[in-house]
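Chemist: kindly generate the corresponding structure for this input.
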Amino acid sequence: MRSIFSSYGQRLKYYCESYPKEYFSEAKFVSESRLELKEGDDIWTLTILSPKRIAISNQITSGTYNSAKEYDVVYSEDNDDWRASETFINVREGCKYFRAPKAQEAVSGEHVYVLASRANLRESPTPSAQVLRQVGIATRFEVIRPFFPWLEVSDPETGYGGYIHESLVSTEKPTVELALKKLEQSAPGERLQWAERAAAMAPTNTDILALLGDELDRTGELKRANKIRQEILRISGEANNPESWKAVFAYKGSGVETLTYYKDGAFFDPDLSEENYRNNLEFFHRKGNEYHLFSDRGISAELKVSRDAPSSRLAEYGNCLLDTSASTQTISGNPEKDSTSRIAANFIPDSKRPPYQQEQDDTLIRDISGLLKNKFEAQLSSMALDHLTLQELQALKESQEIVSIGHADLDADNSQDYLVVVNYNLANTQREVGYSALYLLSNPKGNWEVDFTDFWGGGGDAVSRTAAYIGHIDIDGDGIQELFLSREHYEGTSTTMLKKVNGLWQTTGIGSYTGC
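Modeler: Numbering: from 1, shown residues only. Okay, the predicted model is just below:
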């Protein structure tokens, strides 16, 4: 068996007579000594220059990473492998080497078509060369000359040209029908690229776009999936029909605000009025502490939302109002200091909790505090604190103050998810630094896990300007609560939604807005 490692230490694949398709969608020997591996637009190439020297090149478009290096290979008896500084070719018995098909070599004067949904046309035949332009799938080029493993190509109609990697083109023109057939036949790890290719060739076909949205959901790419579904609504005309959407409102002490709109898997920012995603519902402050909801699209009824007792019933409009009375229960916190206690949680003071409950809560607080302190060093990269000394970092760690701990079963797994708001403050004669953090924790089978972390702040009074958690509601009816976060900045406020996909909490970035 042979293992191939890339020049930056990442194992590429094992290959024998059974080829593991979960690693790469394509593999081919372009010569007896050159193996090429491809996944999407990313390409790895290994060339055996001599029995003791190899070359590995990488073209990683998703991370804008390119390299082309050579390595001396030395046999190690201790490890029974050929070893380079960052590259390994393990040699083992009992494995028939996998033989990938040879590439079909393009020749001068032949026409080729772009296979990838997007491909780079470069100034010279190297992965680090300047990108002259991006070209889309099925773009037709004439081959000027092969420059292995690159091709110099030219567009016969426009005359522009450049170099393109040969793995990104084919002599056979791609079609929507072929891409859909490949999508149906492919393993899960390969389906997304074929959905992308089909959608690139049929950008207004809502059925194909829906397939792409489903594949993006499976891979956890929520933001891209949301954009695809917004495009489906735009094409179908539903984007201009806001009264058919669900709206999520949050009651925030002094008023009610729209967080996001939802329809058919797509979330819309309420402030995108310039793109016709406009807010057709308005709140008017009337009669002291009551807000009255009207519609300017012919809905005659009105809903009263009391500041003292926020309602959660907007069913007649197909809308949702975050119900603070049924929101996450806060078991620790300072209602004068923590905005989340005031706007989103059912705060229970110590005086109203029985002694046994206080003891359980104190143990929980102590366990969570210790967990977060132990995790602090791993979080430093997220907090961008390179400018602090080791002593200041230690002081910041010790300043950890748990502002509130709330809990609710957000993902319908019959166990509690814990929302923890923490402040970090460093104040000395030289610096004043303030950070807030929101942690989402779970405790499956008695083992604490940090499922999501969000930091913000930095300035001395930044913490005092932040609000963390608004509330949660299952807006799309899949049994998992969407979680809404709000943060105040000097420029205004931003709202983010969290959703759990494939076991991981992720932000959609929907519902953001600014304004003082």
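Chemist: residue ranges with poor pLDDT in the stretch 151-300 of the chain?
Modeler: 238-247, 249-259, 261, 268-300 (pLDDT under 70).
Chemist: and the helices in it?
Modeler: Using DSSP state H, counting those that start in this stretch, the helices of the stretch 151-300 of the chain run over residues 176-185, 188-201, 206-218, 222-236.
Chemist: between those helices, which one is closest to L46.
Modeler: helix 188-201 (20.9 Å; Cβ to Cβ). Every C-beta, even on glycine, is put in place using the N, C-alpha and C of the backbone.
Chemist: re the thing from before, for the helices of the stretch 151-300 of the chain, give me a markdown table that also has distance to Y160.
Modeler: Shown next, in a markdown table, are these (distance: least, Cβ to Cβ, whole Å):
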| stretch | distance to Y160 |
| --- | --- |
| helix 176-185 | 26 |
| helix 188-201 | 20 |
| helix 206-218 | 29 |
| helix 222-236 | 28 |
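Chemist: would you map the strands across the stretch 351-500 of the chain?
Modeler: Listed in chain order, the strands of the stretch 351-500 of the chain (DSSP state E, counting those that start in this stretch) span 401-408, 417-427, 432-442, 449-457, 469-473, 482-488, 493-501.
Chemist: partners of the last one in the sheet?
Modeler: Strand partners for strand 493-501, identified by DSSP bridges, are recorded as strand 482-488 (antiparallel), strand 504-507 (antiparallel).
Chemist: could you say which of the ones you listed is packed most deeply?
Modeler: Compared across these, strand 482-488 shows the largest average neighbour count, a mean of 22 (mean count of other Cβ atoms under 10 Å).
Chemist: domain-wise, how is this structure divided?
Modeler: Domain assignment for the chain by automatic domain parsing gives 2-90, 111-170, 176-236, 240-325, 328-507.
Chemist: in terms of mean pLDDT, which of the ones you listed ranks lowest?
Modeler: Note on the domains of the chain: lowest mean pLDDT is at domain 240-325, with a mean of 49.
Chemist: does Q416 touch D409 like I think?
Modeler: Yes. Between Q416 and D409 a contact is recorded at 5.9 Å, counting by Cβ atoms under 8 Å.
Chemist: contacting residues for E123?
Modeler: E123 is in contact with 129-132, 162-163, counting by Cβ atoms under 8 Å, 6 or more residues apart in numbering.
Chemist: for L192, same thing?
Modeler: 40, 215-216, 218-219 are the contacts of L192 under Cβ under 8 Å, 6+ apart.
Chemist: repeat that for I402.
Modeler: Neighbouring residues of I402 by Cβ under 8 Å, 6+ apart: 332, 365, 368-369, 372, 420-422.
Chemist: and of the strands of the stretch 351-500 of the chain, who's closest to T171?
Modeler: strand 493-501 (38.9 Å).
Chemist: any idea which of the strands paired with strand 493-501 gets closest to V112?
Modeler: Using Cβ to Cβ, those put strand 504-507 closest to V112, at 38.1 Å.
Chemist: contacting residues around that closest one?
Modeler: Applying Cβ under 8 Å, 6+ apart, the contact partners of strand 504-507 are 220, 222-223, 440, 451-452, 483, 496-500.
Chemist: mark which of these are buried, thanks.
Modeler: Among the contacts of strand 504-507, those buried by neighbour count (16 or more other Cβ atoms under 10 Å) are 222, 440, 451-452, 483, 496-500.
Chemist: need those residues in CSV (columns: distance to E36).
Modeler: Shown next, in CSV, are those (distance: Cβ to Cβ, whole Å):
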residue, distance to E36
L222, 32
L440, 42
D451, 39
F452, 38
L483, 44
T496, 41
M497, 41
L498, 40
K499, 38
K500, 38
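Chemist: closest one of these to Q230?
Modeler: Using Cβ to Cβ, L222 is the member of these that lies nearest Q230, at 12.5 Å.
Chemist: write down the beta-bridge partners of V114, one by one.
Modeler: Beta-bridge pairing of V114 under DSSP bridges involves V169.
Chemist: burial measure for it, as a count.
Modeler: Number of residues near V114 (other Cβ atoms under 10 Å) recorded here: 25.
Chemist: pretty sure it contacts T139?
Modeler: Yes. With contacts counted by Cβ under 8 Å, V114 reaches T139, the gap being 4.4 Å.
Chemist: gap between S154 and I43?
Modeler: Per Cβ to Cβ, to the nearest Å, S154 is found 22 Å from I43.
Chemist: of the two, who's got more company?
Modeler: When S154 and I43 are compared on other Cβ under 10 Å, the one with more neighbours turns out to be I43, at 23 against 14.
Chemist: wait, the more buried one sits on E36?
Modeler: Yes. I43 lies in contact with E36 (Cβ under 8 Å); the separation is 6.7 Å.
Chemist: need the overlap of contacts for those two.
Modeler: Taking Cβ under 8 Å, 6+ apart as the contact rule, I43 and E36 both touch S167.
Chemist: and V421, how many neighbours?
Modeler: 26.
Chemist: begin at 43 from now on, thanks
Modeler: From this message on, residue numbering opens at 43, which makes the last subject V463.
Chemist: list the beta-bridge partners for it.
Modeler: When bridges are called by DSSP bridges, V463 pairs up with S446, L480.
Chemist: next one: it from L482, what distance?
Modeler: On the measure of Cβ to Cβ, V463 and L482 end up 11 Å apart.
Chemist: then S159?
Modeler: From S159 to L482 the distance is 34 Å (Cβ to Cβ).
Chemist: check V185 too.
Modeler: Counting by Cβ to Cβ, the gap from V185 to L482 is 53 Å.
Chemist: please apply the same query to W192.
Modeler: Distance, W192 to L482, using Cβ to Cβ: 47 Å.
Chemist: do the same with D451
Modeler: Distance from D451 to L482, by Cβ to Cβ: 13 Å.
Chemist: which neighbours do the two share?
Modeler: Listed as contacting both D451 and L482 by Cβ under 8 Å, 6+ apart are D459.
Chemist: verify the contact between S278 and T246 for me.
Modeler: No. S278 is beyond contact range of T246, at 10.1 Å (criterion: Cβ under 8 Å).
Chemist: quick one: contacts for R182?
Modeler: 153-155, 197-198, 215.
Chemist: quick one: buried residues of stretch 185-202?
Modeler: For stretch 185-202, by 16+ other Cβ under 10 Å, it's 185, 188, 191-195.
Chemist: I meant stretch 177-185, not that one.
Modeler: Residues of stretch 177-185 classed as buried by neighbour count (16+ other Cβ under 10 Å): 177, 179-181, 183-185.
Chemist: which of those residues lies closest to A240?
Modeler: Taking these together and measuring to A240 by Cβ to Cβ, the closest member is I179, at 9.1 Å.
Chemist: am I right that that closest one is in contact with A242?
Modeler: Yes. Applying Cβ under 8 Å as the test, I179 and A242 come out as touching, 4.6 Å apart.
Chemist: find residues that contact each of those two.
Modeler: 159-160.
Chemist: ok so, going back, okay if I get the buried residues of stretch 185-202 as TSV plus distance to W236?
Modeler: Formatted as TSV, those follow (distance: Cβ to Cβ, whole Å):
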residue	distance to W236
V185	25
P188	27
P191	23
W192	25
L193	23
E194	28
V195	24
